[in-house]
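Participant: I'll drop the sequence and a predicted model, then ask my questions.
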Amino acid sequence: MPAARTVLLVDDYPDAVDVWAIYLTTEGFRVLTAGTGRDALAAARADAPDLVVLDLDLPDLSGFEVASELKRCAATRHIPLIAATGYSHVAQQDLARRSGFDSVIVKPCDPDALVAEIRRLLTSHSTRPTAPIEH
Amino acid sequence: MSVQNFDATVEHFASRLAADHAVLARVWLERLDQLLDVERRDVFPTHQLLDHIPELLKEIAAYLRAPADQEIAANTAVMAKATELGLLRFDQRASVHQLLREYQMLGEILEAFFAREAAVLGERGDATASVLVLSRAQQAVRVLQQNTVDAFITRYTETIDRQTAQLRNFSRLVSHEIRQPLGVLQVLARVLHLREGDEESARLIETLERNVVRLGEVAGKLERLARLTRRTDAAAPNEQQVDLSAVAQDVAGQLRDMADARGVVLDVDARLPTLAADAGRVELVLMNLLANAVKYSDPGKGSRVVSIECDGDDGCARVRVRDNGIGIPKAKLDTIFEQFVRAHAHLDDELGAQGLGLGLSIVRESMEAMGGLVAVESVDGEGTTFTLEWPGPARRQRSGSA
């Protein structure tokens, strides 16, 4: 069995982070969590997750700021990003699709659908860089 | 004193009315007392407000002396008083019916007063002047009544509009606030589902999941409705060329499973018109109508068909959504486009159909937002036909053309 892939879940709603973490763990992922944009950046740099699911409405930095910061750094640039947005935020969904996110999911999202999307992105991003990491 | 001429007769009525206006107002109030099931002070709680009727009577008296070509509406003070009366009575939750009744009483009191004064004048009065004075007073009462009722209805409409806006904001808020906890419950239900447990737990978790799904649908519908009403307010329509056949095919595709499960054939005319409209709204309308038609198909019929077809000549953007389902009882046809009204709520279990009664109100709002219309015809037990009509010209698809 291959090593578990690591998913970083970022959401400021603790219950959501909690249940998603359990579910994704059940589905065989290693799960990291963060409740703010800054924690998300720190976790991404420290733990090099294979994928980040990023809520766009965070209390400190916006999801867009977190994403651009991740894309700016060579160490984290390759990590596929899924934006999670509210149903009614149609403009935000459009913006996310056009601004570096690999995928956009609309919350509340069917658990299977998110898992399928994570697997799809992990497969298409399966080659990881071996270049030395610099900050 | 002998009154022999026209002017003197008019003056007699005018001065008598001016002198007696307070007495007549009291008579009016006493009669009102008998009509009301509440205390008089609840209707006219202060002395200032009690002034309305005496004031109107005084102004009517003055009006009797005014030149023949002058309208009472030209007297802004009395018109303002009439308006004030309408607003006051609205705040007191009176009805239009009550207002009309009050003005009718005022007319009757004036009539009796003029009859009495005419008797006092007897032979000395000018008969033509008496008739003219009475009709002038009645005319004044009508104009004032109109003004009062207009003010009442204007205030009423404003209140309804404000309440509608509040309701819209409320539904938006509700749906939005429901989303986050709902998302958690959804995942939680799945997590629990995956865990080993006894049979009863499994059954309870299934119940949880089912209800979470249902809540999600409620939130979605509330959101669509709130968004729809908001878009109706927006001046800029999101118009584009919409190929109805393509949209209908797409919708039919989405409903395929539901239709197959009920043995319903979805028949989409490939030559539906193309028209300028909001594609999202068109899809919403067709989705709701086709889903309804499938939902309320008649299990008792050998062949169950839902079709969407052209209606009328080339150039007319009109289509029909027709089914041979269970139909809608005549008595319910008038209200089916209203929110939360469902003609077949009692059949939910039998047909496996559940709903909120929002679908058809969404259809009508969408069509109206596009400047179009929706109409329904139905024969109970035989089937239902919805006719959709969009404004402006349509291009008919040429079958076989690229």
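Facilitator: Structure's in. What do you need? Owing to the predicted nature of the structure, the values given are computational and were not obtained by experimental measurement. Numbers count the residues shown, from 1 in each chain, chains lettered A, B, ... in the order given.
Participant: okay, CA-based contacts and neighbour counts for the rest of this
Facilitator: Fine.
Participant: identify all contacting residues around the helix or strand of chain A with the lowest mean pLDDT.
Facilitator: Comparing every helix and strand of chain A by mean pLDDT, DSSP states H and E singles out helix A:90-97 as the least confident one, with a mean of 74. By CA atoms under 8 Å, 6 or more residues apart in numbering or on different chains, the residues outside helix A:90-97 that reach it are A:64, A:83, A:85, A:103-104.
Participant: direction included, what does the helix or strand just after that helix pair against?
Facilitator: As assigned by DSSP states H and E, the chain's next helix or strand after helix A:90-97 is strand A:103-107. Here strand A:103-107 is paired, per DSSP bridges, with strand A:81-86 (parallel).
Participant: how many residues are close by the residue in chain A that chain B sits nearest to?
Facilitator: In chain A, the residue that lies nearest chain B is A:P108 (4.5 Å; CA to the nearest CA). Using other CA atoms under 10 Å in any protein chain shown, A:P108 has 21 other residues around it.
Participant: distance-wise, check it relative to A:A40.
Facilitator: Per CA to CA, to the nearest Å, A:P108 is found 21 Å from A:A40.
Participant: what residues are up against residue 99?
Facilitator: Just going to use chain A. With CA under 8 Å, 6+ apart, A:S99 has these contacts: A:F64.
Participant: meant chain B actually
Facilitator: B:86, B:89, B:149.
Participant: swap in B:L255?
Facilitator: Taking CA under 8 Å, 6+ apart, one finds B:A291 in contact with B:L255.
Participant: what comes up buried for the least confident helix or strand of chain A?
Facilitator: For helix A:90-97, the neighbour count (16 or more other CA atoms under 10 Å in any protein chain shown) marks A:92-93, A:96 as buried.
Participant: what do you get for stretch A:60-80?
Facilitator: Quick answer for stretch A:60-80 (16+ other CA under 10 Å): A:62-64, A:66-67, A:70-71, A:75-76, A:78-80.
Participant: quick check: which element contains the closest residue to chain A within the stretch 51-200 of chain B?
Facilitator: At 4.5 Å from chain A, B:G183 is the closest residue in the stretch 51-200 of chain B, using CA to the nearest CA. Secondary structure assignment for B:G183, by DSSP H and E: helix B:127-194.
Participant: which element follows that helix toward the C-terminus?
Facilitator: Following helix B:127-194 toward the C-terminus (DSSP H and E): helix B:199-233.
Participant: could you see whether chain A lies near that next one?
Facilitator: Yes - judged by CA under 8 Å from any CA of the partner chain, helix B:199-233 comes into contact with chain A through B:E223.
Participant: quick check: next helix or strand after that helix?
Facilitator: strand B:240-243.
Participant: can you show me the helices along chain A?
Facilitator: A:14-26, A:37-47, A:63-72, A:90-97, A:111-124 (DSSP state H).
Participant: could you dump these to a markdown table with distance to B:C310?
Facilitator: Output for the helices of chain A, formatted as a markdown table (distance: least, CA to CA, whole Å):
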| stretch | distance to B:C310 |
| --- | --- |
| helix A:14-26 | 48 |
| helix A:37-47 | 54 |
| helix A:63-72 | 47 |
| helix A:90-97 | 33 |
| helix A:111-124 | 38 |
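Participant: one step back: lowest-confidence entry in the buried residues of stretch A:60-80?
Facilitator: Lowest pLDDT of the buried residues of stretch A:60-80: A:S62, 82.
Participant: quick check: which ranges of chain B have low pLDDT?
Facilitator: Low-confidence segments of chain B, defined by pLDDT under 70, span residues B:1-4, B:36-50, B:175-176, B:227-238, B:313-316, B:339-358, B:393-402.
Participant: neighbouring contacts of stretch A:23-36?
Facilitator: Stretch A:23-36 is contacted from outside by A:4-14, A:17, A:21, A:40, A:43, A:49, A:58-61, A:115, B:187-188, B:190-191, using CA under 8 Å, 6+ apart.
Participant: where along the stretch 201-350 of chain B do the helices fall?
Facilitator: B:244-254, B:256-261, B:279-295, B:330-333, B:348-351 (DSSP state H, counting those that start in this stretch).
Participant: got the phi and psi for the residue of chain A closest to chain B?
Facilitator: phi -70, psi 140 (degrees, to the nearest 10).
Participant: who are the contact partners of the closest residue to it other than its chain neighbours?
Facilitator: Nearest residue to A:P108 in three dimensions, chain neighbours excluded: B:G183, at 4.5 Å (CA to CA, 6 or more residues apart in numbering or on different chains). B:G183 makes contacts with A:16, A:107-109, as judged by CA under 8 Å, 6+ apart.
Participant: lowest-confidence member of the residues you listed, which is it?
Facilitator: Here the lowest pLDDT out of these sits on A:P108, with 77.
Participant: next up, the contacts around that one.
Facilitator: So A:P108 contacts A:86-87, B:179-180, B:182-183, B:186 (CA under 8 Å, 6+ apart).
Participant: quick one: which of those residues is most hemmed in?
Facilitator: B:Q186 (25 neighbours).
Participant: before we move on, the earlier item: how far does the least confident helix or strand of chain A sit from its chain's centre?
Facilitator: 16 Å (CA atoms, centre = their mean, to the nearest Å).
Participant: hey, C-alpha coordinates of that helix in CSV?
Facilitator: Taking C-alpha atoms only, helix A:90-97 is exported to CSV below (Å, rounded to 0.1, in the frame of the first residue of the first chain):
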residue,chain,number,x,y,z
VAL,A,90,-21.1,33.0,-7.5
ALA,A,91,-18.6,35.8,-8.2
GLN,A,92,-16.1,34.3,-5.8
GLN,A,93,-16.4,31.0,-7.5
ASP,A,94,-15.6,32.6,-10.9
LEU,A,95,-12.7,34.5,-9.4
ALA,A,96,-11.3,31.3,-7.8
ARG,A,97,-11.4,29.5,-11.1
